[in-house]
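Student: attaching a predicted model along with its sequence, questions to come.
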Amino acid sequence: SVVQVGEKLMDYNEDFKLYLTTRNPKPDLPPSSIALLSIVNFSTTRAGLTGQLLAVTIQHEKPQLEERKSALLALLESATPTLFRELHLEDENLWNNFRNAKECEKEIPRSVSSQITPFQQVLVVQALRPDRLISSMQLFAQRALGVRELSPPVVNLKRLYQEQTRAEEPILILISPGSDVSQELQELAQQVVGPSNYVQVAMGQGQSQYALQQLRECAGKGMWLCLKNLHLVIAWAPVLEKEVNALKPHPNFRLWLTAEPHPKFPLVLLESSLKVTYESPPGVKKNLLRTYEAWTPQFIEKGHQPVRSQALFALAWFHAIIQERRNFIPQGWTKFYEFSNADLRSGADIIDRLCTGTGSIQWDFIHGLFENAVFGGRVDNNYDLEVLRAYLHQYFDRDVLGGKGRKKLAGILELPLSVNHKDYVKAITALPETDTPAMFSLPQNIDRSQQRSVAKGVLSQLVLVSRPSLEDEQFDKTRWTKDLSPFLHLWKRLNQGSDLVKLDQIPAPGEQDPPLLAFLLLERQAAIKLLQQVHSDLSRISKVIRGSLLLTTDVRGNANALLKHEVPASWCRKWEGPAAPIHWLRSLVSKTLALGGWVDRCQQGTLLQSPADLSELFNPSVFLNALRQESARRLNLPINSLEFVSHWGPGGGLSKAKCPVNIEGLMIEGALFDGHKLVECSRDSPSGTPISNCCVAWVPAGQTKNKDNLLEAPVYYNSLREQQVTSIRIPCPGSPEVWKLKSVALILKNQ
């Protein structure tokens, strides 16, 4: 063996070791040297020792990670040498506390924070701890604005009326989806002017003339008028504005308007109104307090039955939980569901009717009404509906409601055996100000997932804000050359060594081809055609820039989309891939190339003998359906008589299946997997972790045993959970309901 020393090659013995010592605790070493050294800090601290042992473990167990870290450090040093030196990124001991801190944005080393600006500290967090980016941005905003918190105080309509409203000025209440101010406004009107002097009109088709009639009448008599959902009749809003300006109202008159934000809301009406934002209160505790401010002591004590009062509290808790769970989209819910105060009122009416009297309470009946008639009607994802159902069974249970010494509500709160309104308010005030994952039965690391999700949304909005407007803009050769060249160069680099863009004869499936081969040939055929369309579109853009082709509407449209960092609509119609064009192009080429290997293995009869990564396919769910057809043919059974089964861990669990597939490359969110069963996450667990390979197959129905210990986990195309591929059963300890509430799901890794 030889080693290069300077310009000379010298022989060396493999047993040779070189020890270097220094009194400098922070030696200035290049990343290329750090990768070759094992640094031992004899001025040992707990954090330093942890970092050293971790580095040794990584070098032994996963040396590729250590190599990648060294390469990244070298790249960063070469790209931004000044920043690299200022941040002392080569000093692992300096950054240990930061990497492991729960609130790392407050633990940036003093020697670093003193050298960079507050905003640069945000960028450091984005680069090294993206799961804390939102918290870092909030801390930056608080310090820049000199405020203690960014959340506005909860709107008090009574104080607003007394201190800020006038008869001549409409009060425009801007509401967010899912929030409803009308009930609170109606209760205020009953206290101030009485129910006979309050009129409420829900705006919609055919209500315009009636609304104007009521406006004139209420203004003359000094009554209150509320026009709800003005955003539904934006075209009519200028008529309302003119009518309001022409009024000479009674001093007691008040005009209340509610609307969701709308880009075409009349500016004059907006400027002439007192504007107030009204949102559902943040946090379970504030949500519950608002509910109990609206519910009077008389309503809680009605009938003097503790079980009724407890059931009302369980309803308020349930309503707060399903609303606040929306903060954890897409893991808490897959999308935003508009659970509103109208649902709460309907639920309270049901409890008022069914929990009054001396007979036994039919909790199953309440479950059914809440699931099918009140709350569940808003939910259109089956796995979200299972979460809702699990909450109902957990909260509205005879072991939770109706007596002492039973289960706590949500496992954390013991309900008062009382009908006193103050007892329930006291229980609410004892809750923590900040929501905990245990309140929602979510995994301990949900904060990481939430922050990553919110950060992606914020960064996407910042990208949109930074984009210049391209409407009515003429062709600008200089700008097109500068901004579109990265896409053109990338595309050329991605297709080097490949002749797919020039392929004339694309293999098509034959009538006698088996289902799996037919699917793969069709999938590859569509992919190559899309690849060639993209190549043609980019080539025409390049020719327009060079002046060898006239500008057409199609070329302008594609170029403008790319200038706005959007995927052209004509491409998206063929395949909805990643939102960023750079990632979309990379994914298109990588999937198309991978499909060639799938087709070759299928034609050779070896496709099912090696692990399959479903993320390499454009339509993985269609592949599984083709697998079902293939299995039905080989078993000589109808398709609808087969069920989809899975086996985890070593061994031939599905050895008798005709077409078993060993799936690799899956990630798991909401839990960990130890190779045999699900395990709960810790607070420091990453939001998603790789999971061991899983063998799946279609077999005759009725062969699966012990389904009670299996969780039917959805498999999503990506972490946004917008498109489901299939569902796979995973062994779980205890009841599957527990894991459903944690929203355990599998994700195709490379998406």
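Tutor: Alright, I've got the coordinates.
Student: so who does residue 544 touch?
Tutor: For residue 544, the contacting residues are 475, 480, 550, 551, 555, 559, taking Cβ atoms under 8 Å, 6 or more residues apart in numbering as the criterion. Backbone N, C-alpha and C define where each C-beta goes, glycine included.
Student: any idea of the mean pLDDT for the one helix or strand it maps to?
Tutor: Element membership of residue 544 [criterion: DSSP states H and E] is helix 515-546. Helix 515-546 shows a mean pLDDT of 94 in the predicted model.
Student: what is the distance between that helix and the centre of its chain?
Tutor: Relative to the chain's own centre, helix 515-546 is displaced by 31 Å; criterion: Cα atoms, centre = their mean, to the nearest Å.
Student: check stretch 126-134 too.
Tutor: Its chain's C-alpha centre and that of stretch 126-134 lie 16 Å apart, by Cα atoms, centre = their mean.
Student: list the buried residues for that stretch?
Tutor: For stretch 126-134, the neighbour count (16 or more other Cβ atoms under 10 Å) marks 129, 130, 131, 132, 133, 134 as buried.
Student: can the residues you listed go into a markdown table with extra columns for distance to residue 434?
Tutor: Below are the buried residues of stretch 126-134 laid out as a markdown table (distance: Cβ to Cβ, whole Å):
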| residue | distance to residue 434 |
| --- | --- |
| 129 | 20 |
| 130 | 22 |
| 131 | 17 |
| 132 | 15 |
| 133 | 19 |
| 134 | 15 |
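Student: pLDDT added to those, as JSON lines?
Tutor: Below are those laid out as JSON lines (pLDDT from 0 to 100):
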{"residue": "129", "pLDDT": "83"}
{"residue": "130", "pLDDT": "82"}
{"residue": "131", "pLDDT": "81"}
{"residue": "132", "pLDDT": "86"}
{"residue": "133", "pLDDT": "88"}
{"residue": "134", "pLDDT": "87"}
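Student: and which of these is nearest to residue 734?
Tutor: Sorting the buried residues of stretch 126-134 by how near they are to residue 734, with Cβ to Cβ, puts residue 131 at the top with 28.0 Å.
Student: the closest one contacts residue 448, doesn't it?
Tutor: Yes. Judged on Cβ atoms under 8 Å, residue 131 makes contact with residue 448 at a distance of 4.2 Å.
Student: mind listing the helices for the stretch 601-750 of the chain?
Tutor: With helices called from DSSP state H, counting those that start in this stretch, the stretch 601-750 of the chain shows them at 620-635, 736-741.
Student: pLDDT score for the nearest residue to residue 355 once chain neighbours are set aside?
Tutor: Leaving out its chain neighbours, the residue that sits closest to residue 355 by Cβ to Cβ, 6 or more residues apart in numbering is residue 308, at 4.0 Å. Among the per-residue scores, residue 308 holds a pLDDT of 91.
Student: OK, contacts around residue 308?
Tutor: Residues in contact with residue 308 (Cβ under 8 Å, 6+ apart) are 302, 351, 352, 355, 356, 419.
Student: buried members of the residues you listed into ChimeraX, please.
Tutor: Selecting the buried subset of those in ChimeraX, with 16+ other Cβ under 10 Å as the burial test, is done by:
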select :351,355,419
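Student: what are the ranges of the helices in the stretch 301-450 of the chain?
Tutor: Counting by DSSP H, counting those that start in this stretch, the segments of the stretch 301-450 of the chain that form helices are 306-324, 341-354, 363-369, 382-395, 421-429, 437-440, 446-466.
Student: do you know which of those lies nearest residue 105?
Tutor: Comparing the helices of the stretch 301-450 of the chain against residue 105 with Cβ to Cβ, the closest turns out to be helix 446-466 (10.8 Å).
Student: any buried residues in the closest one, and which?
Tutor: The neighbour-count criterion (16+ other Cβ under 10 Å) identifies 446, 447, 448, 449, 450, 451, 452, 453, 454, 455 as the buried residues of helix 446-466.
Student: now these as TSV including pLDDT and distance to residue 365?
Tutor: As requested, the buried residues of helix 446-466 are arranged in TSV below (pLDDT from 0 to 100; distance: Cβ to Cβ, whole Å):
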residue	pLDDT	distance to residue 365
446	90	33
447	84	37
448	81	40
449	78	36
450	80	35
451	81	40
452	79	41
453	77	37
454	81	39
455	83	43
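Student: picking up where we left off before, using CSV, list the CA coordinates for the next helix or strand after the helix holding residue 544.
Tutor: Read in the C-terminal direction, the helix or strand following helix 515-546 is helix 553-563, with elements assigned using DSSP H and E. The C-alpha coordinates for helix 553-563 follow below in CSV (Å, rounded to 0.1, in the frame of the first residue of the first chain):
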residue,chain,number,x,y,z
THR,A,553,-48.6,31.2,-27.6
ASP,A,554,-47.7,27.7,-26.5
VAL,A,555,-44.0,28.6,-26.1
ARG,A,556,-44.9,31.7,-24.2
GLY,A,557,-47.1,29.8,-21.9
ASN,A,558,-44.6,27.2,-21.1
ALA,A,559,-41.8,29.7,-20.6
ASN,A,560,-43.9,32.0,-18.4
ALA,A,561,-44.7,29.0,-16.2
LEU,A,562,-41.0,28.1,-15.8
LEU,A,563,-40.2,31.7,-15.1
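Student: if we can go back for a sec, name the residues contacting each of residue 131 and residue 448.
Tutor: Common neighbours of residue 131 and residue 448 are listed as residue 687 (criterion: Cβ under 8 Å, 6+ apart).
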